[in-house]
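Peer 1: sequence-free structure coming up:
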Ligand SMILES: Cc1ncc(C[n+]2csc(CCOP(=O)(O)OP(=O)(O)O)c2C)c(N)n1
Ligand SMILES: Cc1ncc(C[n+]2csc(CCOP(=O)(O)OP(=O)(O)O)c2C)c(N)n1
Ligand code: SF4
Ligand code: SF4
Ligand SMILES: [Mg+2]
Ligand SMILES: [Mg+2]
């Protein structure tokens, strides 16, 4: 094809739920991997289980990518079912190309008004040309050809993907793929992905799977949970695997049960976790407070979605920060961490489990729908050996004080079965022995201890990812990191050096480390996906940011893009 | 008695639960009222329902009092049952007097080490001199005499208090009272309350009753709740009274039910509330978020107790601030108010109900065990006519949009029964009609609207109580106001003029009003009863406090005292 | 309950439908349950504005927005609490509650048994598809123990399913019926009886989910009417529920039991309460 | 369940008591329930460290700290969930759960019915005093409808009380008994049988609250043994529960039903799972 070469390309494939756009997208990711590329596929879908709108939003690149681009190069529409519901999620411009089946009806105004070039293509008809033909596979063929993917490698991947569904499906899919591959476009896209990816080993995984893996690496062997979008796939990934590691996952009757089950298992000595999303986290708070007061290690992975209330369950937002930081009654010190990208879902969750075990603390890991349900093609993440001790266990000597006032605040824990360790764990305030006490001295000693054990721990350099230089700093957290990293890079490439501080550890606050990271900074731009500027207010509450602060905050469902950040930096920089 | 006259006196009466110290204390308050005095009685008790420790901590004064004093002038002990559990709550000095029954055994070291003078008195034996005699009434007689209360007025009050229990109890009580009244002390207390109180009409009530009354004044006619210490008495006060006003209170199966019942009733057009404490509030958060998203007015009165988890249920603390401000998932604008004293329980709750109705908002009113379970003798609170419109109701014309984007953010609400107002309230994000929508435009429009309606309202001067002057400001909130007011007054009397800003409205934040109140201030001392400095962090997050800030924060159960604040101000002032 | 009859002419079920298109999958049983609800309302000729339909979260719980009565799409598992508050405050309304087997029997189980015990005058429709549809196919409390299609329970739950009728009976419900979306007219008749019943009426509406439990499309061949008429004898009802395989339809139990509604009157004033504080 | 027998000599109940003095009122029935628990543990000669006793919040729920086994005083209403997690993770422990009628049947009702259904091998003791003791005397789900002493329900609840046994049966419990604190030896024997039973055993222990329900001190004259031995027939059990006034004691129902415990094995490795991500 007579096109210019590009480092990355963004492609949206849309169709009604069940049309198979996600299968096509996943296969495209796999094909890109074969060529040594990187990629990311975000899923856009609505409340409908079947037949609703659905889109695979892909970005393929010769360099690692951790966010969507500012716009799309190509939109391939299998149909226009409810497309207006997420047209805003697929920004197009006059440089974009739309490939659409005329049989699907007129192009919705929300799409066509972009001024993108349009190439009508009878996808359904092409699919109809072969027995059991599938339009998504026609589309896949078309895209594979355009992207310069290897024909036989593509065939092999399709074969492998559908092997479980029987031979007919495989051969039908392949036939449709051929139809697409053979189709010659009238307006071929102006740009293709440059060749020459790297040969480093790749993983293809979702953030939900990443958190699941991190939990297993951290030592979790019990989970109890109640299904909820967009956390369910993490649980579904974990259930059979926990079982194979000698552990188990219990589907609870509700979230009140799941958090308490997790506390029970951890009290029994088995590292335990649950996963949920906003409404479920709200229900877990009382139990989470019990974990804090009774000093029982637990990890809750909370996959954020649009809020408040039931909100927008299928879309991403960074708005469960407040509840994670401050949602408990009483003075309740705990850990809050946030995953920065897909690979970091693995690290961050493992770190959370290990910290929670070592500090006998309750931890919340924040992920979000964008991270959790996107599939990423990344460099195989290295596995770091974390220098964190395991849970401090009581030994069988002398009179046992469960809540002993130790110097580091961590009191050795007796696990049922230990002969002389019998004690009663309690959510009532207690003396060192665990005996309930309402005395001011016991209360203040135990409050000090529970805070001390978290604040005295040395979290090292992992509290944040920092990069760049200069006197302007972007401070962001969690999944907004992807766009911020790319913005920083683009600015650097254009000669504007800025710093990026991307926070992974939110509680306890890393005040000194932040001060150091901000030395010499005269302007701060806070980036977050929230309407009420939750992260900005958190920063003000805990850190000494005595320079000009600007806030780039807006709610979901549209992801924060690199261009948006670049513009903001350049505006008044 | 040959004693000096004082403006106020602090008296602790201790005894095991059931010994009647609270009845004696309540009668002392009533007697003080007859003389035109003011007073406050805080209850100290433990987890035991009967037989545990119990104390009536009284302060009587010729001036209004809203907090405990720094120490006690007199401790009258009926027995020493578990006294060490709250000895710290009764600071004594060499100037104090201890009256104790030698029959009750040795005076515990925690008490005697204060160096207070001791007057042994055979209270039990004196009670035993008459048929059915009661030691608490002997004590009451003794104190009544010392305090210069009128004999026959006291008799009448005792008669009235026990009238419901039958004549024998009345006459036995009176006989014991006489024994006490006739007793001549060896070391009579050095100081008595000066005569000459004011004749203004007095109320005697608890904070729990105050909140109940405020709710009724505000228009609440339905409540659903689940019992919890220390909020239960508010519900018990409300239940029969709601019934008499054509409303009702429903005892729910749990707090998840109560908050949802309240939403259901309010959806039906009836102003509705619930009351709870920390653990119950934690369970209500998901429902509270539904009220926010569906824009159904509800009020939750949360009576704080020691936390975290079950914590110290019978003791006070200001540590549910975080959960009240930030405990919801998603961006969830709502109202948070705090009662400053007993009278303010009435005003603040009424204000909360009226604001919640007018703004179709969810409101949390924070009270605490100290306020809620203390009985105060105060000037009859005036009833202010609040200029707040009632809930905006839809009328029966034209197509109805429940969540219409109005200028002030308040959309007229249709109440079931209205002929053309049918709509479906939803916790899913929605378009103006209420139809679920995951579109970015709808989400951001509704987020804006829900925030706008709260932020555009003019809350006037009631956001805080401000007093004093000078360039040092005390900023506090809720029940710590009592001690702060008195500290400011003492400082003023000693020639140190400081400002006091006592916050009643916490959300939305009153940034401009705070800036104004702080004009010219060079030093801020934040006062709160919390270990993790929740209020301080909240202030940092929302207000521009660019001067030196000091924090006087400590946890419960000991109340913050005026002397403590005075010392802090003088330390570096 | 008094039903405000609005017009003399027969009312069409359509009058109770909204213009919103359901998000349900093609073939979902919930369409027929929606139809049965609107048919029952039409048959009872209830004025739209006097009816409230409340729900939780789930595919089933989307039903209020598809009707044109007053609706409330609440949060997962709490619809009965929402409805109890509304009914306590507004006793004259006809209050209906609908939701799924997950919503009502898993997360909402406590409110279910307490609503049965409380016996307020309202009707609860459990749209039972023996699965969590909305969250893409996990086992619910009515799922058979050996259903292995959910990755959360790859060996099946291994748990005996709840019989909603048995639970309702033990908890004190005064009207218990089981209907089938495959027989919307029968279901509508059942709903009419349930709404007319004074007290808490539970209607379990078997409503297959073709997407996650396609095997249940067979229900239309398996489900039949109970042999017996309804009884007011709790032991007999318990016996019949136990002897049944959960696939017989009909009104199982109906009994007049004390209907709860808060006691209220107009006998006091706030001024009077304030007097009590004066010393 | 295997019981680790520690010594050959008869073990004294005292061995299972801690040094902490209960906060209970004089005459409270809960003292005797505590005694019955320690007696049962002694009779079974269980090693203290192999037993866990978990609870919620209430006067009754204070019981773990008064024993010298592993204890957990959790939060209100969630003890059964806490215990289910512990048992799932540590199947070899003997797991006991205790708490009040409010804790277990009001706020904890959902976990109660789901624990019955799940039928894990543990024993649940409902210390039923027909009142909320700890919060000073409000009605619980087992309180008679006409008890008017709580200011929250000044006319009485007007609600038919739950029969915990009937609910447990309908929800699927496999062992159901009712005992009385006035007969601690009988209660202890019942607890032995309950602990030995394989599956979820429910023991309702009537335990009067002299402070808020002084009239219940009369229970000692009213409570007697059931005429029948226990049955494994659910319908018969239902019939007997219904015919009874709630004051007969004995094992009501006992049946071997599938005991649930999560399936687990050692057949995989994390490395292997990571392989699945490689492309
Ligand atoms: C607190 C909370 N937990 C979990 C969820 C996720 N969730 C939504 S619907 C649902 C279950 C739906 O099943 P069911 O009630 O049977 O309805 P169906 O979709 O089958 O009709 C769940 C678990 C939620 N919305 N809120
Ligand atoms: C979430 C929550 N709600 C309410 C309470 C208050 N509370 C403590 S114990 C209790 C009821 C106790 O009754 P029961 O379980 O019958 O035990 P009893 O005291 O009668 O033995 C309540 C309502 C609480 N601790 N937590
Ligand atoms: S998933 Fe099942 S229950 Fe949900 S709409 Fe589709 S068919 Fe109906
Ligand atoms: S209040 Fe009742 S249940 Fe609680 S300890 Fe006292 S007697 Fe026992
Ligand atoms: Mg279902
Ligand atoms: Mg009880």
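Peer 2: Done, it's in. Remember, it's a predicted structure, so these values are computed and weren't measured experimentally. Ligands and ions are numbered 1, 2, ... in the order given.
Peer 1: Going by proximity to ligand 3, name the top residue of the stretch 151-279 of chain C.
Peer 2: residue C:209 (3.1 Å; Cβ to the nearest ligand atom). All C-beta atoms are positioned from the backbone trio N, CA, C, and that covers glycine.
Peer 1: What score does the closest residue to that residue other than its chain neighbours have for pLDDT?
Peer 2: Closest residue in space to residue C:209, ignoring its immediate chain neighbours: residue C:129 at 3.9 Å, by Cβ to Cβ, 6 or more residues apart in numbering or on different chains. In this prediction, residue C:129 carries a pLDDT score of 98.
Peer 1: contacting residues around the residue lying closest to residue A:306 once chain neighbours are set aside?
Peer 2: In space, residue A:306 comes closest to residue A:312 once its chain neighbours are excluded; the distance is 3.0 Å by Cβ to Cβ, 6+ apart. Going by Cβ atoms under 8 Å, 6 or more residues apart in numbering or on different chains, residue A:312 touches A:305-306, A:556-557, B:428-429, B:438, B:443.
Peer 1: Kindly reformat those residues as CSV and extend each row with distance to residue C:204 and secondary structure.
Peer 2: Output for those, formatted as CSV (distance: Cβ to Cβ, whole Å; DSSP: H, G, I helix; E, B strand; the rest coil):
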residue, distance to residue C:204, secondary structure
A:305, 31, coil
A:306, 33, strand
A:556, 38, coil
A:557, 36, coil
B:428, 26, strand
B:429, 31, coil
B:438, 32, coil
B:443, 36, helix
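Peer 1: in chain C, which spans are helices?
Peer 2: Using DSSP state H, the helices of chain C run over C:30-44, C:79-89, C:101, C:109-118, C:164-171, C:184-196, C:219-222, C:234-243, C:270-275.
Peer 1: name the helices or strands packed onto the third one?
Peer 2: Pointing back at helix C:101 there. Counting by 3 or more Cβ pairs under 8 Å, 6 or more residues apart in numbering or on different chains; DSSP states H and E, the packing neighbours recorded for helix C:101 are strand C:122-128.
Peer 1: okay but residue A:46 is in contact with residue A:52, surely?
Peer 2: Yes. Using Cβ atoms under 8 Å, residue A:46 is in contact with residue A:52, at 4.5 Å.
Peer 1: Closest residue of the stretch 51-200 of chain A to chain B?
Peer 2: Here the stretch 51-200 of chain A gets closest to chain B at one residue, residue A:88, 4.8 Å apart by Cβ to the nearest Cβ.
Peer 1: What count of nearby residues applies to residue 72?
Peer 2: Since you didn't name a chain, this refers to chain A. Residue A:72 has 25 neighbouring residues, counting by other Cβ atoms under 10 Å in any protein chain shown.
Peer 1: not quite, I wanted chain C
Peer 2: Neighbour tally, residue C:72, other Cβ under 10 Å: 30.
Peer 1: again with residue C:209
Peer 2: Around residue C:209 there are 28 residues (other Cβ under 10 Å).
Peer 1: hang on, residue A:527 in a strand?
Peer 2: Yes. According to DSSP: H, G, I helix; E, B strand; the rest coil, residue A:527 belongs to a strand.
Peer 1: and the nearest residue to residue A:362 once chain neighbours are set aside, which of the three is it?
Peer 2: Leaving aside its sequence neighbours, residue A:362 sits nearest to residue A:291 (Cβ to Cβ, 6+ apart; 4.0 Å). Judged by three-state DSSP, the three-state class of residue A:291 is helix.
Peer 1: Next, the angle helix D:79-89 makes with the helix or strand where residue A:264 lies.
Peer 2: In this structure, residue A:264 sits in helix A:255-267 according to DSSP states H and E. Inter-element angle recorded for helix A:255-267 and helix D:79-89: 50 degrees (by axes from the mean of the first three to the mean of the last three Cα atoms, to 10 degrees).
Peer 1: hmm, back to that, between residue A:46 and residue A:52, which one's more packed in?
Peer 2: Shown here are residue A:46 and residue A:52; by other Cβ under 10 Å, residue A:46 has more neighbours (23 against 18).
Peer 1: Now residue A:376: which helix or strand?
Peer 2: Going by DSSP H and E, residue A:376 is part of strand A:375-379.
Peer 1: Go ahead and name everything in contact with that strand.
Peer 2: With Cβ under 8 Å, 6+ apart as the criterion, strand A:375-379 contacts A:25-26, A:29, A:32-33, A:37-41, A:64, A:66, A:200-207, A:341-343, D:279.
Peer 1: Of the helices of chain C, flag the one that's most buried.
Peer 2: helix C:79-89 (a mean of 31; mean count of other Cβ atoms under 10 Å in any protein chain shown).
Peer 1: Give me the angle between that helix and helix C:109-118.
Peer 2: Going by the same axes, to 10 degrees, helix C:79-89 makes 40 degrees with helix C:109-118.
Peer 1: Against chain D - does helix C:79-89 have any residue that ends up touching it?
Peer 2: No. With Cβ under 8 Å from any Cβ of the partner chain as the criterion, chain D is not reached by helix C:79-89; the gap is at least 12.1 Å.
Peer 1: could you check the angle strand C:122-128 makes with that helix?
Peer 2: 170 degrees.
Peer 1: could you check whether helix C:79-89 is close to chain A?
Peer 2: No. Under the criterion of Cβ under 8 Å from any Cβ, helix C:79-89 makes no contact with chain A; the nearest approach is 12.6 Å.
Peer 1: average pLDDT across stretch C:200-215?
Peer 2: The average pLDDT within stretch C:200-215 is 98.
Peer 1: Where does the stretch 1-150 of chain A get nearest to ligand 1, which residue?
Peer 2: For the stretch 1-150 of chain A, Cβ to the nearest ligand atom, closest residue to ligand 1: residue A:49, 8.2 Å.
Peer 1: dump the residue contacts of the closest residue to residue A:117 other than its chain neighbours.
Peer 2: Setting aside the residues directly before and after it, residue A:117 is nearest to residue A:97 in space (Cβ to Cβ, 6+ apart), at 5.1 Å. Contact partners of residue A:97, counting by Cβ under 8 Å, 6+ apart, are A:73-75, A:116-119, A:187, A:189-190.
Peer 1: Ranking by neighbours, what's the top pick from those residues?
Peer 2: In those, the most neighbours by other Cβ under 10 Å go to residue A:75, 26 neighbours.
Peer 1: Who are the packing partners of the host helix or strand of that one?
Peer 2: Assigned by DSSP H and E, residue A:75 belongs to strand A:74-77. Applying 3+ Cβ pairs under 8 Å, 6+ apart, one finds that strand A:74-77 contacts strand A:8-16, strand A:97-100, helix A:135-147.
Peer 1: pLDDT added to the contacts of residue A:97, as CSV?
Peer 2: Listed next are the contacts of residue A:97 as CSV, based on pLDDT from 0 to 100:
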residue, pLDDT
A:73, 94
A:74, 95
A:75, 95
A:116, 94
A:117, 94
A:118, 94
A:119, 93
A:187, 80
A:189, 76
A:190, 72
